[in-house]
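Asker: got a sequence here, can you model it:
(chains A and B)
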Amino acid sequence: MSSYLYYPGCSMDSSAKSYRDSLDAISGPLGLDLREIDDWNCCGATEYLGTSRTPAYALIARNLAIAEQQTDGSRTLVAPCSACFLNLAKADHAMVESPAFGEQVNAALAAGGLHYDAGSLKVRHLLDVIVHEIGLEAVKAQVTRPLKGLKLAPYMGCMVPRPDYDQRWESHEYPREFDRLLAALGADVVDFPLKTDCCGGHMTQISPPTAFEMIRRLVDNATRAGADMMVTLCPMCQMNIDAFQGEMNHFFKTSYHMPIVFFTQVMGIAFGREPSSVGFGRELVDAHPALNRIGRVEAKTDEEAPSHARVPRAKKTQGLPMPSMADYDEVKL
Amino acid sequence: MTTPAVSPPETGAGGPAFLAEVMRATPGNSRLDMCIQCGTCGGSCPSAMDMNHTPRQLFAMIRGGMRDEVFRSNTPWMCVSCYYCTVRCPQEIRITDVMYTLKGMATRGKKYPNSTAPDFSKAFISNIEMFGRSFEVGLTARHYLRHYMTRLPAIAPMGIGMLRSGRIGLMPPKRIKGMDGLKKILAKAKDLEAAS
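Answerer: Sure, this is the predicted structure:
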C-alpha cells in the first residue's frame, strides 16, 4: 500500500459523488491508501484569488499547514479536483518562490496557531499519482472487463496540464498520459484535439453565452471524434459539460448527447464493478447507452437516447485546420 | 454606455506607476513589464471573443497608465483561468495571475460596471467565511434569483436532475471545527493585505 495525504475538496460530497464512490471502489485494488486530512477547508476555487491576495493564499495554506501537522510519514498531498490541486500547488509554489510573501502568509496562519514550511509537501493530482506512482502495469493487472469497443475522449481540462509547476506531463497542450491510462483499460481512445481546453469554469454563472460556446466546442469536438463518452478528472469540468449540456442545447437549438464521467468510474467498470456502485446513473446526460457498447448494463430508464443525435453540419473549413493527429492510431500510446 | 473622463497620463521617476502597482500586487514576479505586444495571449484565449480588450491591449493600457479604462474593462472577468496564455507567452508573463490581481483591484476601487461576476465571487467567499466549505445550492439559488431570473425555465430540468440524483442537497454544509481559527487567519490576512 502506498499512503498519501488526501484533500477531497467540497464537490466530492456533493456534485461529484460519483467521483468519490468510484475512487473508493478502485483505491483498494490499486493499493492506494488515501488518508483524508482532518478539518480541511474550501480552497476558494478561482473566486478568492480574484478578490484579495493574502486572504486567498492564507485560506489555501491553512490546508497545507494542517496536512503537514497530520502527516504520518507521507509528504505527498493528493487532490482529485483540478481547481483544488492547482490552488494547493499554487500556494506552495508562491511561498517557496517569494519567501517574503511566504512569511506574510505564515503571519496570517499564526493568528490561527498554524504554520506551513513552504515546499515541505508535494502537491499532486490524483491522475498524476495513479499514472506515475501506481503505474499502468498495476492498473492493467486489475482489469477483468476490458472496455473494448467503448470509444472514450480523454478530457484533461486546463488546470492539471497547465501551468504544471512540477512538469509532470509530457505537454501543456496535448499530453498523452491520460490516453495511455484509458488504453490500459482496453478502451478505444479517440484523438481528441481539445483535450486540454477549458470547460468554461465559473462562466456559467457570470457570462452564460461564453460558457455555452466553450461547452459546445468541446462536446462538438468529442462527437465528431466519434467518442461515446468523454472522460474527465475534474468535478468542475464534469458539472459544466454534464449539467449544463441541456441549457447549452437549448441556447444553440442543438441536440448533442455527450455523456461525461470520471476516469475512476470507467476504471471501476474495467475492474469488474457494477455501474451503479461506481456512480453511473448520477450523470444527467445518460451514459448507459454508451456503456452498452461493451455489452452489459443496467439501464437507468426505458428510453434509449441515441448516442449521436442531430449535430449541426460542419462549416466549410476556411481557416487553419484544428490540431489533430492523422496517424494517431499508429502512434504507440 | 457613456464614456467617463479618461485617466490622466502617468509620469513618475520609477516608470509608469500603475504598471508597478499591478506588479507589486501580484505574488512572485509576474514579468508584466516584459510584454512585447506580440498578441500570443489573445490568440490563445478561449474567451477572447467576449472580451472588451485582448490581454495584449490591456497590458498596453496598463503601461500607458489608463487606470480607469483598465478597471472598467471586462477582460479580467472574462478570463477563465485556463493558463493557455501563461504557458504560451514567449516572455513568460504570468498572465492568469495578473488577471486575478486586476479583478481584486477593480473590485476594491468599485470601478467595474457589471456586478454579476464580482457579486458571484463575493457570495462564494461569504459562504467560505461562514462554513469553511462551499455551499453550491445556496450560492447558485441566490445568484440565479438575483441575476438570471430569465434562465430559470431552461435551467429547471438541471436543478431537478441534480436533486434527484443526489448531487445537490438543500442543507448548508456542516461548519468546519476550526472555524474560529480560520476566521482569525482571514482577518489577519486582510489586515496584512491592506498594509502591504
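
Asker: quick one: residue A:230 is in a helix?
Answerer: No - according to DSSP: H, G, I helix; E, B strand; the rest coil, residue A:230 belongs to no helix; its state is strand.

Asker: which residues of chain A fall in helices?
Answerer: Ranges of helices in chain A, per DSSP state H, are A:17-30, A:53-70, A:82-97, A:99-110, A:126-129, A:136-142, A:177-184, A:203-206, A:208-224, A:235-243, A:245-252, A:263-270, A:288-291.

Asker: need those in TSV (columns: mean neighbour count).
Answerer: Any C-beta I mention is one placed from the backbone N, CA and C, and that applies to glycine too. As requested, those are exported to TSV (neighbours: other CB atoms under 10 Å in any protein chain shown):
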stretch	mean neighbour count
helix A:17-30	21
helix A:53-70	25
helix A:82-97	24
helix A:99-110	19
helix A:126-129	23
helix A:136-142	15
helix A:177-184	22
helix A:203-206	24
helix A:208-224	21
helix A:235-243	26
helix A:245-252	20
helix A:263-270	26
helix A:288-291	21
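
Asker: need these in TSV (columns: distance to chain B and mean pLDDT).
Answerer: Formatted as TSV, the helices of chain A follow (distance: least, CB to the nearest CB, whole Å; pLDDT from 0 to 100):
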stretch	distance to chain B	mean pLDDT
helix A:17-30	6	97
helix A:53-70	4	97
helix A:82-97	4	97
helix A:99-110	4	97
helix A:126-129	16	98
helix A:136-142	26	98
helix A:177-184	17	98
helix A:203-206	4	94
helix A:208-224	5	97
helix A:235-243	5	97
helix A:245-252	5	96
helix A:263-270	14	98
helix A:288-291	13	94
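
Asker: so which of the ones you listed comes closest to residue B:139?
Answerer: Distance to residue B:139, taken as CB to CB, is lowest for helix A:203-206 among these, at 8.4 Å.

Asker: for that closest one, packing partners?
Answerer: helix A:208-224, helix B:116-131 (3 or more CB pairs under 8 Å, 6 or more residues apart in numbering or on different chains; DSSP states H and E).

Asker: tell me which element the spatially closest residue to residue A:53 that is not a sequence neighbour falls in.
Answerer: Leaving aside its sequence neighbours, residue A:53 sits nearest to residue B:193 (CB to CB, 6 or more residues apart in numbering or on different chains; 5.9 Å). Secondary structure assigned from DSSP states H and E places residue B:193 in helix B:179-195.

Asker: list the buried residues for that helix?
Answerer: Across helix B:179-195, burial judged by 16 or more other CB atoms under 10 Å in any protein chain shown covers B:181-182, B:184-186, B:188-189, B:192-193.

Asker: and residue B:29, what does it touch?
Answerer: A:97-98, B:23 (CB atoms under 8 Å, 6 or more residues apart in numbering or on different chains).

Asker: got those as JSON lines, with distance to residue B:141 columns?
Answerer: Shown next, in JSON lines, are these (distance: CB to CB, whole Å):
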{"residue": "A:97", "distance to residue B:141": "39"}
{"residue": "A:98", "distance to residue B:141": "39"}
{"residue": "B:23", "distance to residue B:141": "39"}
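
Asker: count of residues packed around the closest residue to residue A:173 other than its chain neighbours?
Answerer: Distance criterion CB to CB, 6+ apart; nearest residue to residue A:173, sequence neighbours excluded, is residue A:196 at 5.5 Å. Neighbourhood size, residue A:196 [other CB atoms under 10 Å in any protein chain shown]: 26.

Asker: give me the residue at the spatial middle of chain A.
Answerer: residue A:233 (1.6 Å; CA atoms, centre = their mean).

Asker: distance of the nearest residue to that one once chain neighbours are set aside from residue A:172?
Answerer: Distances taken as CB to CB, 6+ apart place residue A:127 nearest to residue A:233, at 4.7 Å, with adjacent residues excluded. For residue A:127, the distance to residue A:172 (CB to CB, to the nearest Å) stands at 15 Å.

Asker: picking up where we left off before, centre of the chain versus the helix holding residue B:193, how much separation?
Answerer: The chain centre lies 20 Å from the centre of helix B:179-195; the measure is CA atoms, centre = their mean, to the nearest Å.

Asker: so which elements touch it?
Answerer: Helix B:179-195 packs on helix A:53-70, helix A:99-110, helix B:116-131, going by 3+ CB pairs under 8 Å, 6+ apart.

Asker: reformat the helices of chain A as CSV; add distance to residue A:165.
Answerer: Below are the helices of chain A laid out as CSV (distance: least, CB to CB, whole Å):
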stretch, distance to residue A:165
helix A:17-30, 23
helix A:53-70, 14
helix A:82-97, 5
helix A:99-110, 15
helix A:126-129, 12
helix A:136-142, 24
helix A:177-184, 17
helix A:203-206, 25
helix A:208-224, 25
helix A:235-243, 20
helix A:245-252, 32
helix A:263-270, 22
helix A:288-291, 35
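
Asker: ok so, going back, nearest to residue A:85, of the helices and strands packed on helix B:179-195?
Answerer: Short answer: helix A:53-70, nearest of the helices and strands packed on helix B:179-195 by CB to CB, at 11.1 Å.

Asker: between helix B:179-195 and the closest one, find me the angle.
Answerer: Calculated by axes from the mean of the first three to the mean of the last three CA atoms, to 10 degrees, helix A:53-70 forms an angle of 140 degrees with helix B:179-195.

Asker: just to revisit the earlier point, nearest to residue A:239, of the helices and strands packed on helix A:203-206?
Answerer: helix A:208-224 (10.6 Å).

Asker: residues in contact with that closest one?
Answerer: A:153, A:155, A:190, A:192-194, A:197-200, A:203-204, A:230, A:240-241, A:244-245, A:247-248, A:251-252, A:254, A:256, A:258, A:308, A:311, A:314, A:322, B:46-47, B:49-50, B:78, B:80, B:148, B:151.

Asker: quick one: low-confidence parts of chain B?
Answerer: B:1-15 (pLDDT under 70).

Asker: show me the helices in it, by range?
Answerer: Going by DSSP H, chain B shows helices at B:17-24, B:40-44, B:55-63, B:67-72, B:75-78, B:84-88, B:95-108, B:116-131, B:136-147, B:152-164, B:179-195.

Asker: between the ones you listed, which gets nearest to residue A:4?
Answerer: Nearest of the helices of chain B (CB to CB): helix B:179-195, 24.0 Å.

Asker: could you check the angle the closest one makes with helix B:116-131?
Answerer: Relative orientation of helix B:179-195 and helix B:116-131, computed by the same axes, to 10 degrees: 140 degrees.

Asker: how is chain A carved up into domains?
Answerer: Using automatic domain parsing, the domain parsing of chain A gives A:2-127, A:144-330.

Asker: correction: chain B
Answerer: Looking at automatic domain parsing, the domains of chain B come to B:17-108, B:116-191.
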